[in-house]
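Student: could you look at this predicted model? Sequence included:
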Amino acid sequence: MKRFLIILVLFNQIYAMAQKQTKEYAIVIHGGAGNLVKKNYTAEEISQYEQTLSTALDSGYAMLGRGITATEVVTRTIQILEDSPLFNAGKGSVFSNEGRNEMDAAIMDGSNLKCGAVTNLQHIKNPISLANHIMNHSSFVFLNGEGAEKYAVENGFSLVDPSYFFVEKKWKEMLRIRDSSKTQLDNENRGDINEIDKYDKYGTVGCVVLDQFGNLAAGTSTGGITNKKYNRIGDSPLIGAGTYANNETCAISCTGHGEDFIRLVVGHEVHSLMKYRHMSVQKSADKIIQKELTEINGRGGLIAIDKKGNIAISFNTTGMFRGYINKEGEKQIGILK
């Protein structure tokens, strides 16, 4: 009888654990949206972008399959994109008017609404890792600049020399417009922003996932906009604007003209449409991007995933570097519309 009871208890424990694991998981990533024109990229460049996106996707999906948590998968997947000089985050961050790399990042855990964010980093190899540490090991949410880097050093992070972030192509892009007004991000100079788009995309990388335990997470990392001034900060590190996750609804990472995403509080708006108007994740994303963002002449896109593993991708630019592996294991990578 005693042996039977032990077996029964073990069975119940195993059954309870199995119930906690949904066994359905999925991942979506992006590498920025913008005025992407095929003729501006060689076949080799397109292949490099696709390969890096593919590597990040495969790595993240494999981690989800091993039962690694949503926030850890988001962090490690974004690290892969940050380590590539192709994307405007980490290693590939663009240059400010002062010739510096000023990086921002944020991450959010949909299971408990914990989050971490950093901005104006200049010596941290992987900003998303620092944001993750702040979320998990501090009472803070958002740290800036020197203070953020002081926190990093005190918690075991190594500072890297700014030369690590030097990418000649991105340096030349900044020099080409350095003495112009093409970084003024108010409405009066929106035409100047269009000029930047002719040569580059809105640089951001992001990742959203649903893990085996039914938890959602979102993360975003960026180097900002080429030739920016005055320590400008966009939407990427702002929880509720460029990054948001809530197990009730979805996880979201945005890319685009940050000021407009801040004005619309895009991430939280998608969540609210799903929660209060019971709209699907795709319809919610499209309403914000295709209608509301477009109505204020804003441009960009977002990736999202809901609590059931449904994926949404929406953008009103000519292209967005993006990819996903859905809950059925189907993989897709895209760049242009």
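Tutor: Received the coordinates, thanks. Numbers count the residues shown, from 1 in each chain.

Student: can you give me the strands for the stretch 51-200 of the chain?
Tutor: Per DSSP state E, counting those that start in this stretch, the stretch 51-200 of the chain carries strands over the ranges 103-109, 115-121, 142-144.

Student: mind listing what the last one pairs with, with the direction of each?
Tutor: Using DSSP bridges, the strands paired with strand 142-144 in its sheet are strand 115-121 (parallel).

Student: burial-wise, tell me which of the strands of the stretch 51-200 of the chain comes out on top.
Tutor: Scoring these by mean neighbour count under mean count of other Cβ atoms under 10 Å gives strand 103-109 as the most buried, with a mean of 31. C-beta here means a position set from N, CA and C on the backbone, and glycine is covered the same way.

Student: quick one: mean pLDDT over that strand.
Tutor: Strand 103-109 shows a mean pLDDT of 99.

Student: about what we covered before: which one of the strands of the stretch 51-200 of the chain lies nearest to residue 226?
Tutor: strand 103-109 (13.4 Å; Cβ to Cβ).

Student: now do the closest one: which elements does it pack against?
Tutor: helix 70-82, strand 115-121, helix 127-137, strand 216-222, strand 243-245 (3 or more Cβ pairs under 8 Å, 6 or more residues apart in numbering; DSSP states H and E).

Student: coming back round to it: of the strands of the stretch 51-200 of the chain, which approaches residue 63 most closely?
Tutor: For residue 63, the closest of the strands of the stretch 51-200 of the chain is strand 103-109, at 15.2 Å, according to Cβ to Cβ.

Student: on that earlier part again, okay, the strands of the stretch 51-200 of the chain in JSON lines with distance to residue 154 next?
Tutor: Putting the strands of the stretch 51-200 of the chain into JSON lines (distance: least, Cβ to Cβ, whole Å) gives the following:
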{"stretch": "strand 103-109", "distance to residue 154": "18"}
{"stretch": "strand 115-121", "distance to residue 154": "14"}
{"stretch": "strand 142-144", "distance to residue 154": "11"}
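
Student: before we move on, back to that, got CSV for the helices and strands packed on strand 103-109, with mean pLDDT too?
Tutor: Listed next are the helices and strands packed on strand 103-109 as CSV, based on pLDDT from 0 to 100:
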stretch, mean pLDDT
helix 70-82, 98
strand 115-121, 98
helix 127-137, 98
strand 216-222, 99
strand 243-245, 99
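
Student: pipe these into a markdown table and attach distance to residue 106 per row.
Tutor: As requested, these are arranged in a markdown table below (distance: least, Cβ to Cβ, whole Å):
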| stretch | distance to residue 106 |
| --- | --- |
| helix 70-82 | 10 |
| strand 115-121 | 4 |
| helix 127-137 | 6 |
| strand 216-222 | 6 |
| strand 243-245 | 4 |
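
Student: and residue 323, that one's in a strand?
Tutor: Yes - judged by DSSP: H, G, I helix; E, B strand; the rest coil, residue 323 forms part of a strand.

Student: quick check: pLDDT value at the closest residue to residue 326 other than its chain neighbours.
Tutor: Counting by Cβ to Cβ, 6 or more residues apart in numbering, the nearest residue to residue 326 once its immediate chain neighbours are dropped is residue 26, at 5.0 Å. pLDDT recorded at residue 26 is 98.
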